[in-house]
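Student: Dropping a prediction and its sequence here:
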Amino acid sequence: MKYIFCVFLLLVLVGIGTTEIVTAQNKVSSESKRDQRNRAREDPWAEFEEEVDSIPRLDFGVNFGAYFPDRYSANFYNGTPDNENNVNYVMSNYYWYQEIKQALKSSDTVFVSGYPLDMHYQVAFTGGLFIRFNFNRKNGIFLEANYTQLKTEDALALQVDPASYPTYDDIRLQPIQGKEGRVLLNLGYQRSFPLKSKIYFFLQGGGTMCYTQVQKSFFVVEGREYSMINIYGDLGYIPGGNSQTFNINQNAFGFGTYFGTGAGIPLNERFGIEPGFSIQYYPVNIKNYPRWKPAFSVYLRILLGVGHAGE
């Protein structure tokens, strides 16, 4: 009898425990539904969270901004003998040298007494196109191409009529400049962090390719521009003659890494803007300048969403 009572009591306890578990589960389920309803009222995205998160979208954009290149490769344009484009190329040409002497009113000789060794690029405008395929609200891949034109300028020191006796040197500072174009191609992954207000923050990472083309490398003497790019070959420049010229392409490719961050601000269902900041780390690779250096960009991107994939 005692054993039967114990078994009966055990069954009662199990039944009570089971009832409590079922009640708790129903309560949790009820609370979860209530939380979901509250979340839907507070978050405009929440009502369609599961659906929207899984719908792809394609975005097109136009970029505008400022580009801050590293100064390292700017010394390519300083005219030193080690550089591909150098002042010696001009000064060793008899006709150009006579022009320079006359322009500086020299009665004897003119030679280079100093080169700028710390040239730097000016901050430049950059613009380009952007495309992104969003797998969902939080993940996507992007491709963008931007173009910028860089300029660097400093002064070349020319000594005029050096005297054979102690006296002050006649040093004339003349402008020396370089111009180049860069195309930057970035391919990578974007992770977004949406807020309840529909604004989102994002991080980007990927690879970058830089194509650099040298456009001009020259110095100026009394308003006359002298290009340091050898377009005349071994025969050199001869005034009034039929000097043959060649098309000289000085360009290079560099491959590196890309990192970006910013915020997205939807204006409506189709349009939005993304202010952002990016870092590219790559070698420019123009001759004798192979080192990896960082470059920075700040930009404003205007976006057009073309709808969900498959629409």
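Tutor: Structure received. Treat the numbers as computed from the prediction; the structure is a model and nothing was measured.

Student: show me where the stretch 101-250 of the chain has strands.
Tutor: For the stretch 101-250 of the chain, the strands defined by DSSP state E, counting those that start in this stretch occupy 110-114, 124-134, 139-160, 171-194, 200-221, 224-227.

Student: so can I have CSV of those strands showing distance to Ile273?
Tutor: C-beta here means a position set from N, CA and C on the backbone, and glycine is covered the same way. Shown next, in CSV, are these (distance: least, CB to CB, whole Å):
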stretch, distance to Ile273
strand 110-114, 48
strand 124-134, 12
strand 139-160, 15
strand 171-194, 14
strand 200-221, 12
strand 224-227, 42
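
Student: so which of those strands comes closest to Pro290?
Tutor: Across the strands of the stretch 101-250 of the chain, the minimum distance to Pro290, taken as CB to CB, is reached by strand 200-221, at 12.4 Å.

Student: Report the angle between that closest one and strand 171-194.
Tutor: Interaxial angle of strand 200-221 relative to strand 171-194 (axes from the mean of the first three to the mean of the last three CA atoms, to 10 degrees): 170 degrees.

Student: ok, now which ones touch the closest residue to Ser107 other than its chain neighbours?
Tutor: Distances taken as CB to CB, 6 or more residues apart in numbering put Asp161 closest to Ser107, at 5.9 Å, once the chain neighbours are dropped. Counting by CB atoms under 8 Å, 6 or more residues apart in numbering, Asp161 touches Ser106, Ser107, Asp108, Thr109, Val110, Asp170.

Student: Can you tell me which of those residues are buried?
Tutor: Among the contacts of Asp161, those classed as buried by 16 or more other CB atoms under 10 Å are Ser106, Val110.

Student: can you redo the contacts of Asp161 as a markdown table with pLDDT and distance to Ala157?
Tutor: Shown next, in a markdown table, are those (pLDDT from 0 to 100; distance: CB to CB, whole Å):
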| residue | pLDDT | distance to Ala157 |
| --- | --- | --- |
| Ser106 | 89 | 15 |
| Ser107 | 84 | 19 |
| Asp108 | 86 | 17 |
| Thr109 | 90 | 15 |
| Val110 | 93 | 11 |
| Asp170 | 89 | 11 |
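
Student: ok, the contacts of Asp161 vs Tyr67, which is closest?
Tutor: Nearest to Tyr67 among the contacts of Asp161, with distances taken as CB to CB, is Val110, at 37.1 Å.

Student: Bridged to the closest one, which residues?
Tutor: Val160 (DSSP bridges).

Student: dump the residue contacts of it.
Tutor: Neighbours of Val110 in contact, by CB under 8 Å, 6+ apart: Met91, Tyr97, Ile100, Lys101, Leu104, Leu158, Gln159, Val160, Asp161.

Student: Which of those sits closest to Ala74?
Tutor: Leu158 (20.7 Å).

Student: The nearest residue to that closest one once chain neighbours are set aside: neighbour count?
Tutor: Closest residue to Leu158 apart from its sequence neighbours, by CB to CB, 6+ apart: Arg172 at 4.8 Å. Counted with other CB atoms under 10 Å, residues neighbouring Arg172 total 17.

Student: among the strands of the stretch 101-250 of the chain, which is nearest Asn285?
Tutor: strand 200-221 (7.3 Å).

Student: Check which strands are paired with the closest one and give the direction for each one.
Tutor: By DSSP bridges, strand 200-221 pairs with strand 171-194 (antiparallel), strand 224-227 (antiparallel), strand 251-266 (antiparallel).

Student: Tell me which of those sits nearest to Phe218.
Tutor: So among the strands paired with strand 200-221, strand 224-227 is nearest, using CB to CB, at 4.6 Å.

Student: what pLDDT, on average, does stretch 114-133 get?
Tutor: The average pLDDT for stretch 114-133 rounds to 97.

Student: okay, how far is it across that stretch, tip to tip?
Tutor: 53 Å (CA to CA, to the nearest Å).

Student: List the buried residues of it.
Tutor: Buried-residue list, stretch 114-133, by 16+ other CB under 10 Å: Tyr115, Pro116, Met119, Tyr121, Ala124, Thr126, Gly128, Phe130, Arg132.

Student: could the residues you listed go into CSV alongside distance to Tyr282?
Tutor: Formatted as CSV, the buried residues of stretch 114-133 follow (distance: CB to CB, whole Å):
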residue, distance to Tyr282
Tyr115, 27
Pro116, 25
Met119, 20
Tyr121, 15
Ala124, 16
Thr126, 15
Gly128, 16
Phe130, 19
Arg132, 22
